[in-house]
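# Please find the sequence and the predicted model below.
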Amino acid sequence: MATSDSYHPYLISHLKDPSHTALYIEALLEEEDPEPELLQMALSNVAEALCEGRMTPEQAKYHQEKLKEILSQRGSEAIYHLGTWLNALGLKLTVAVAENVNENSTNLVDEAEITVSQ
């Protein structure tokens with residue numbers, strides 16, 4: 001009978017490499033129809049992987065709690081706090097030029113609500 005290992009330990013072991021972690025988060029943020037719950041789960045996995053060796057268990061627990069608080073915030077405060085949160089894990093929040101900019105993204109300023117096209 002074939003057995004399979006849990007994916008979670010495999011994921012956490014790969015997320016210990018900051019290069020993999022950055023790609024993991026980038027892929028999630030580039031999703032066409034993002035789900036906020038997935039962002040929290042992914043960042044929680046990142047924290048689990050990268051807190052080890054950088055923080056005490058108490059600090060890691062606090063860092064996980066801080067993530068929930070940050071993701072419940074709205075607007076620019078959340079972005080700044082997320083940047084600080086990632087920095088404590090040895091990562092940074094950056095902005096890059098999109099490779100495939102479509103026509104719709106050039107008229108965002110004219111819309112009543114500005115959205116981020118991915």
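Looks like it came in fine.

# For Leu93, list the residues it contacts.
Leu93 is in contact with 79, 82-83, 86, counting by Cβ atoms under 8 Å, 6 or more residues apart in numbering. C-beta: built from backbone N, CA, C; applies to glycine.

# Same list, those residues, but as CSV with distance to Lys61 and pLDDT please.
Formatted as CSV, the contacts of Leu93 follow (distance: Cβ to Cβ, whole Å; pLDDT from 0 to 100):
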residue, distance to Lys61, pLDDT
Ile79, 24, 89
Leu82, 18, 93
Gly83, 21, 92
Leu86, 18, 94
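
# Now intersect the residues you listed with the helices, please.
79, 82-83, 86 (DSSP state H).

# So which of the residues you listed is surrounded by the most neighbours?
The most crowded member of these is Leu86, carrying 22 neighbours; neighbours defined as other Cβ atoms under 10 Å.

# thinking it is in contact with Ile79, fair?
No. Between Leu86 and Ile79 there is no contact under Cβ atoms under 8 Å: 10.8 Å.

# Skip the chain neighbours and tell me the closest residue to Leu82.
Ile70 (5.4 Å; Cβ to Cβ, 6 or more residues apart in numbering).

# What pLDDT does the model give the one you found?
Per-residue confidence for Ile70 comes out at a pLDDT of 94.

# list the buried ones in the host helix or strand of it?
Using DSSP states H and E, Ile70 sits in helix 57-72. Neighbour-count burial for helix 57-72, counted by 16 or more other Cβ atoms under 10 Å, picks out 60, 63, 66-67, 70-71.

# And Lys61, how far from Cys51?
Look at Lys61 and Cys51: by Cβ to Cβ, to the nearest Å, they are 9 Å apart.

# What of Trp85?
Separation of Trp85 from Cys51 (Cβ to Cβ): 11 Å.

# Now do the shared contacts for these two.
Among the neighbours of Trp85, those also in contact with Cys51 (Cβ under 8 Å, 6+ apart) are His63.
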